[in-house]
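Peer 1: Have a look; sequence and predicted model below, questions after that.
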Amino acid sequence: MNRVKISSHSPVQKLGHSQLSSSPKFKLAAVSSQSSEAQSMESSPLIPGLPDDVAISCLLRLPVRSLPNCSSVCRQWRQLLGSRERFFTQRKLRGLSSSWLFVLAFDRCAGKVQWRVLDLSLLSWHTIPAMPHSDRLSPHGLRCLVLPDGALLACGGAVAGTDRSLDMVLRFDLQKDRWTSMNRLLTSRRFFAAGLIGGAVYAAGGSVADLAELDSAEFLDLCGGEWRPMPSMLSNLVAYDSAVLDEKLMVTEGWTWPFVFSPRGLSYDPKAESWSQLPTGLREGWTGPSVVLGGHLFVICEHENLRMKVYDKESDDWEAVAGSPVPRKISKPFSVGGENHRICVVGRDLHTAIGEVKRSDRELLPERKKASFSVRWLVHDAPQSLRGSTPSTALLLHG
């Protein structure tokens, strides 16, 4: 095995160094009896014909799934691409950022849950390290959200094939590409309401063993890292869906067959530290998975041909979003995620519809009494390797 030493011809530049613009070379030379081979390796560019700083920018834009193959091209590429942690760290140092759709999916062939990630810029799928105990984790009941620093938080859930609820709390750091355990929930729970408000994560309701419903609630102070109790809900409630709107945690139990009784719904105001009933129109019109875009609550209707609608707070009513329903390629079960003006709907086999939501203010349409929204869909077909996967959670992260 050849030893490696640092060449003394010029100082070594670290990746992300402020002087990268001067097109430095990687100065790693193998100790060999053939000095010409070492000199050739020293002077070889990362990509022939390109300055190394430009080459690095190109390599840092590669699809994540291609990193193992690309890192075997040469020693210099392996230094940059051989570690996902190093790859994402260098992207961050260079100000590069992409949108990633994280989907928690159950793989019927493998019989376990797995996080799949869609690069929304390159439309390329890859995986991340498995969550601890994912081989015995149920795909349903877990609650996930994005933290202010861009990390993914997963908490609660259930053991597959049992009625046992979990109190686990896990954090995935995109830059470090690994999971870490955090302080556990005060109460084991699944199918509960969860949301991020200010610098705290809130968890309320849900169920425990024997499907007993909970009215307890708690919050995690992200600065202190400890879970603390908070006022109990007005009634025991298992959450079908929840959302944060106007700095309040909204939760609905959803409609159930035969649709005779109006679903219950509650709202928690952290400032007042109190619970209240959801407005009637909001409760009765909340008929599918939701996402908040630009301060507005949107829903993909499960019982209305997967049409999209938006809640109007002034009238306590729902307005249909102009445009076609979610494309037929997307079939149930499906999950919804999004932010800003983009919504993503992931269906069976992980086929994904990406919708661009536009708003026409009343100033532009003076004949209308309220804002109008429209959506335009683009469908991304998942590769054959993802067939048999069903989604349970979808979130957007950046990095």
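Peer 2: Sure, I can see it. Numbering: from 1, shown residues only.
Peer 1: hey, where'd the helices end up in the stretch 1-150 of the chain?
Peer 2: Counting by DSSP state H, counting those that start in this stretch, one finds helices in the stretch 1-150 of the chain at the ranges 35-43, 52-59, 67-70, 75-81, 84-93.
Peer 1: buried residues in the third one?
Peer 2: Of the residues in helix 67-70, those buried under the neighbour-count criterion (16 or more other CB atoms under 10 Å) are Leu67, Cys70. Bear in mind the C-beta positions are built from the backbone N, C-alpha and C, glycine included.
Peer 1: again with the longest one
Peer 2: Burial within helix 84-93, assessed by neighbour count using 16+ other CB under 10 Å, is assigned to Arg84, Arg86, Phe87, Phe88, Thr89, Gln90, Arg91, Lys92.
Peer 1: Among the residues you listed, which one lies nearest to Leu46?
Peer 2: Comparing the buried residues of helix 84-93 against Leu46 with CB to CB picks out Gln90 as the nearest, at 12.8 Å.
Peer 1: Surely that closest one touches Leu81?
Peer 2: No: when contacts are counted by CB atoms under 8 Å, Gln90 is not listed as touching Leu81 (9.5 Å).
Peer 1: The helix or strand hosting Tyr311 - which strands sit beside it in the sheet, and in what orientation?
Peer 2: Secondary-structure assignment from DSSP states H and E places Tyr311 in strand 308-312. Partner strands and pairing direction for strand 308-312 (DSSP bridges) are strand 296-300 (antiparallel), strand 317-320 (antiparallel).
Peer 1: Among the ones you listed, pick out the one with the most neighbours on average.
Peer 2: For those, the stretch with the most neighbours on average is strand 296-300, a mean of 22; neighbours defined as mean count of other CB atoms under 10 Å.
Peer 1: re the thing from before, same list, the helices of the stretch 1-150 of the chain, but as JSON lines with mean pLDDT and distance to Lys313 please.
Peer 2: As requested, the helices of the stretch 1-150 of the chain are arranged in JSON lines below (pLDDT from 0 to 100; distance: least, CB to CB, whole Å):
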{"stretch": "helix 35-43", "mean pLDDT": "43", "distance to Lys313": "65"}
{"stretch": "helix 52-59", "mean pLDDT": "91", "distance to Lys313": "45"}
{"stretch": "helix 67-70", "mean pLDDT": "91", "distance to Lys313": "46"}
{"stretch": "helix 75-81", "mean pLDDT": "90", "distance to Lys313": "48"}
{"stretch": "helix 84-93", "mean pLDDT": "89", "distance to Lys313": "37"}
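Peer 1: Quick one: closest of the ones you listed to His380.
Peer 2: Across those (criterion: CB to CB), the nearest stretch is helix 67-70, sitting at 21.1 Å.
Peer 1: Show me what that closest one is packed up against.
Peer 2: For helix 67-70, the packing partners by 3 or more CB pairs under 8 Å, 6 or more residues apart in numbering; DSSP states H and E come out as helix 75-81.
Peer 1: Who are the contact partners of Arg164?
Peer 2: Arg164 makes contacts with Ala158, Ser188, Ala209, as judged by CB atoms under 8 Å, 6 or more residues apart in numbering.
Peer 1: Show me the contact partners of the host helix or strand of Ala154.
Peer 2: Secondary structure assigned from DSSP H and E places Ala154 in strand 152-156. Strand 152-156 is touched from outside by 102, 104, 131, 141-147, 165-172, 174, 182, 185, 188-190, 192, 194, 201, 203, 206, 395, 397, with contacts defined as CB under 8 Å, 6+ apart.
Peer 1: right, and the helix or strand after that strand?
Peer 2: strand 169-173.
Peer 1: mind listing what that following strand pairs with, with the direction of each?
Peer 2: Paired strands of strand 169-173, defined by DSSP bridges, are strand 152-156 (antiparallel), strand 178-181 (antiparallel).
Peer 1: Could you dump those into JSON lines with mean pLDDT, mean neighbour count and distance to Gly323 added?
Peer 2: Compiled in JSON lines, the strands paired with strand 169-173 are given as follows (pLDDT from 0 to 100; neighbours: other CB atoms under 10 Å; distance: least, CB to CB, whole Å):
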{"stretch": "strand 152-156", "mean pLDDT": "97", "mean neighbour count": "23", "distance to Gly323": "30"}
{"stretch": "strand 178-181", "mean pLDDT": "96", "mean neighbour count": "13", "distance to Gly323": "38"}
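Peer 1: Those strands: which one's closest to Thr352?
Peer 2: Comparing these by their distance to Thr352 (CB to CB), the top pick is strand 152-156, with 18.2 Å.
Peer 1: Would you pull up how far that closest one lies from the middle of the chain?
Peer 2: With CA atoms, centre = their mean, to the nearest Å as the basis, strand 152-156 stands 11 Å off its chain's centre.
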